[in-house]
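Chemist: no FASTA, just this:
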C-alpha cells in the first residue's frame, strides 16, 4: 500500500490523505450501489424497488452560495430585475427537483444580503460594499421561496470578516474598522476573534436582527468557526487568551469553549426571539478519528474538534441544535473518510439526542472529477434509507451547491439519478415535535372536477384565522377509493402554500382524461405538523 503526501481537498474544508485504498463496511446498499468507479452507470431504479421507495418526510435542500458569487448573483453589478430573475431560477430548480428547502447565504463576510443596521450591504451584490442593490434580497427570497412552499434557512458565516486582509477596503462604518481590536488576520483573510465577548455580542445581534425582522424558517451555519489550519501560520490570539482565558486548561480548550459558548448562546437567543425558527449547523464531516478518540469515527482525516475547535458531537448530544448537517463530502470506499462509515457514525450520534440528521452532499465533486461513478450520489441517499430503516434515521440531504446541480447532470446525469431514484414524489419536511406547533384542522374538500387543464380541487381551510394552515398536502390514488393512506409517500402528490384566505385551489395537471382518481387534502402548520385528512373526493 502506498502512502501519498498530504493532499488538500477543495471547497469548505480540507482532508489530510493519510492512507490510500478501499475500506470495507458491514453495511450494504441495495440495487447494486457499490458500482466500481468508472463502471458503466446503472439505469435508474424503478419506483417499486427498495432504493426508489418514496419517503413521505425527508429534508431535500440545496445551498445557494453568495460568497464570491459562487451561485448567486452570477456576477456583481446586475440590475435588480436580473438579480431577481436569477434567484427565481434557482428556486424553480428546487421545485423541479421536488426539493422542499433552500439554504440561502445572507452573511458571507460580516456583510448583509438584507437591510441591516449592523452590517453593510454585501459587495457581492453591486460590486461595492455598502451600496443598496435596489431591493431587499432576503425579503425577496423569503417571499419567493414560501410562494413555492420551500423553507428558507438563512445561512450565516459568523466570524469571517473579509476574503482578504485589506481592512481599509471595508466601509468606514464597518464594525471591523470601528473595532479593529476585534479582528485578526489569518490565512489571507480577516476574522472576528471568537474569544472576545464584545465581538460575539455583535455577531449575535446581527443574526438576531434578521431573525426578528424576516419570516425565516431556519438559521444555518456552515463549517467555518476558527479558520482551517494554514501551514506555517499560528492563529494570532495569544493576547486574547491571556486576557480572557483564565481557568482554561490550555488555549485549545479555551478556543473550543469560545465556540461552544457561541453555539449555545445563539441557539437560546434564536428561540427566545422566535421559538419556531430552526437552528442547524453544517460542520466538517469528521468530528474526531477513532485512533485519536475511541468515540470517533473510523477515519483518518482532519478533525473539526482539533482543527476548527468545533466540538460538533457535543453540540448534538447537548441538544443545542435542531439539526446537524455534516459535510460528508467523500465517496464510498475512500479509506481516509469512507462515506459508508461516516454516515452511520453520525446517524448513531444524532439518534442519541433526537437531533435531526441531514447529510451535506458534494455535488461539486462530480463536476471536479472526484466522483467518477455516476451513481455515487444516489447511492448515498439509498444508504440513508437503510440507516433510517435500521433505527438510526437520516432525515434528509442537502446539495452543494445550486449551480453544480445542472453541471453534474450535464456531465453524467448524477443528480438526475437522485431525482429518478428518490425524489419522484414531493416530500414533507420532517416535523420537529420539540418546537411549538400549531393545531390545524383538517380541510373540507369541497370540489374535485375535471377541466381542460386536469382535475381542479377546491377546499376550505376550516381553522379559525389565527390558526389557519401554512400549507396543504394533496394526496392522490388511482381508482375510486373511500380513503387514502396518507402515510404512504407514494400517495403524496403535491404541497401548496396557503393563499391566506378560506378557499384554496389546486389543479392536478397530470391527471389523465378517462382515468379515475381519488383525492384527499391535509393541512400543515409552518413546522409541517399535519392535520387529519379531509373526506375523499373521487372523479
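Modeler: Thanks, I have it. All figures in this text were calculated on a predicted structure; none of them were measured in a lab.
Chemist: what domains does the record give for this structure?
Modeler: 50-422, 444-538 (automatic domain parsing).
Chemist: The shortest one: end-to-end distance?
Modeler: Between the start and the finish of domain 444-538 there is a gap of 14 Å, counting by CA to CA, to the nearest Å.
Chemist: and if you look at stretch 531-539?
Modeler: For stretch 531-539, the first-to-last residue distance is 23 Å (CA to CA).
Chemist: Which residues are in contact with the residue most central in space within the chain?
Modeler: Among the residues of the chain, the one closest to the centroid is residue 398, at 4.7 Å (CA atoms, centre = their mean). By CB atoms under 8 Å, 6 or more residues apart in numbering, the contact set of residue 398 is 59, 61-63, 101, 103, 282, 325, 358-361. Quick note: C-beta positions are derived from backbone N, CA and C, even for glycine.
Chemist: Could you report the distance from it to residue 79?
Modeler: From residue 398 across to residue 79, the span is 30 Å (CB to CB, to the nearest Å).
Chemist: so which of the domains of the chain is the most packed in?
Modeler: Neighbour counts (mean count of other CB atoms under 10 Å) averaged over each of the domains of the chain peak at domain 50-422, with a mean of 20.
Chemist: for the record, mean pLDDT for the longest helix seen in the chain?
Modeler: If you go by DSSP state H, the chain has its longest helix at helix 251-273. For helix 251-273, mean pLDDT rounds to 98.
Chemist: Name the residues that touch that helix?
Modeler: Applying CB under 8 Å, 6+ apart, the set of residues contacting helix 251-273 from outside is 158, 194-195, 200, 203-204, 207-208, 211-212, 219, 225-226, 235, 237-238, 241, 244-245, 248, 277, 279, 281, 305-306, 308-311, 314-315, 318, 320-321.
Chemist: And stretch 114-125, by the same measure?
Modeler: 66-69, 73, 76, 83, 106-113, 129-133, 136-139, 170-171, 173-175, 202, 205-206, 209-210, 213-214.
Chemist: For that stretch, measure first residue to last.
Modeler: Termini of stretch 114-125 sit 11 Å apart (CA to CA).
Chemist: got CSV for the domains of the chain, with distance to residue 437 too?
Modeler: Shown next, in CSV, are these (distance: least, CB to CB, whole Å):
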stretch, distance to residue 437
domain 50-422, 8
domain 444-538, 4
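Chemist: Helix or strand next in line after the longest helix of the chain, which one?
Modeler: strand 278-281 (DSSP states H and E).
Chemist: C-terminal to that next one, what's the next element?
Modeler: Proceeding N to C from strand 278-281, the next assigned helix or strand is helix 304-307, under DSSP H and E.
Chemist: Tell me if I am right that residue 155 is in a strand.
Modeler: Yes - the assignment for residue 155 by DSSP: H, G, I helix; E, B strand; the rest coil puts it in a strand.
Chemist: Now do the helices in the stretch 301-450 of the chain.
Modeler: Along the stretch 301-450 of the chain, counting by DSSP state H, counting those that start in this stretch, helices occupy 304-307, 312-317, 339-351, 364-367, 376-389, 404-412, 414-422.
Chemist: Could I get those helices in JSON lines, plus columns for distance to residue 481 and mean pLDDT?
Modeler: Below are the helices of the stretch 301-450 of the chain laid out as JSON lines (distance: least, CB to CB, whole Å; pLDDT from 0 to 100):
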{"stretch": "helix 304-307", "distance to residue 481": "50", "mean pLDDT": "98"}
{"stretch": "helix 312-317", "distance to residue 481": "42", "mean pLDDT": "98"}
{"stretch": "helix 339-351", "distance to residue 481": "36", "mean pLDDT": "98"}
{"stretch": "helix 364-367", "distance to residue 481": "41", "mean pLDDT": "98"}
{"stretch": "helix 376-389", "distance to residue 481": "27", "mean pLDDT": "98"}
{"stretch": "helix 404-412", "distance to residue 481": "36", "mean pLDDT": "97"}
{"stretch": "helix 414-422", "distance to residue 481": "26", "mean pLDDT": "98"}
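Chemist: Just put those in a markdown table and tack on distance to residue 502.
Modeler: Shown next, in a markdown table, are the helices of the stretch 301-450 of the chain (distance: least, CB to CB, whole Å):
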| stretch | distance to residue 502 |
| --- | --- |
| helix 304-307 | 49 |
| helix 312-317 | 42 |
| helix 339-351 | 40 |
| helix 364-367 | 45 |
| helix 376-389 | 37 |
| helix 404-412 | 38 |
| helix 414-422 | 35 |
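Chemist: My read is that residue 277 contacts residue 218, right?
Modeler: Yes - contact criterion CB atoms under 8 Å: residue 277 and residue 218 qualify, at 6.3 Å.
Chemist: mind listing what residue 536 touches?
Modeler: Neighbour list for residue 536: 445, 481-484, 518-520 [criterion: CB under 8 Å, 6+ apart].
Chemist: Please repeat the previous calculation with a cut-off of 6 Å.
Modeler: By CB atoms under 6 Å, 6 or more residues apart in numbering, the contact set of residue 536 is 483, 518, 520.
Chemist: Could you list the low-pLDDT ranges of this protein?
Modeler: Applying pLDDT under 70 to the chain picks out residues 1-52.
Chemist: Tell me how far the residue lying closest to residue 287 once chain neighbours are set aside lies from residue 365.
Modeler: In this structure, residue 287 finds its nearest non-sequential neighbour in residue 313, 4.6 Å apart by CB to CB, 6 or more residues apart in numbering. To residue 365, residue 313 is 25 Å away according to CB to CB.
Chemist: again with residue 481
Modeler: According to CB to CB, residue 481 stands 44 Å off from residue 365.
Chemist: who does the residue lying closest to the residue nearest to the centre of the chain once chain neighbours are set aside bridge with?
Modeler: Excluding its sequence neighbours, the residue lying closest to residue 398 (CB to CB, 6+ apart) is residue 61, at 4.4 Å. Counting by DSSP bridges, residue 61 forms beta bridges with residue 101, residue 398.
Chemist: what's the answer for residue 152, then?
Modeler: Beta bridges link residue 152 to residue 102, judged by DSSP bridges.
Chemist: which residues does it contact?
Modeler: Applying CB under 6 Å, 6+ apart, the residues near residue 152 are 142, 145, 217.
Chemist: Residue 357 now?
Modeler: Residues near residue 357 by CB under 6 Å, 6+ apart: 324, 346-347, 350, 394-395.
Chemist: what residues are up against residue 408?
Modeler: Applying CB under 6 Å, 6+ apart, we find residue 408 in contact with 363, 366-367, 414-415.
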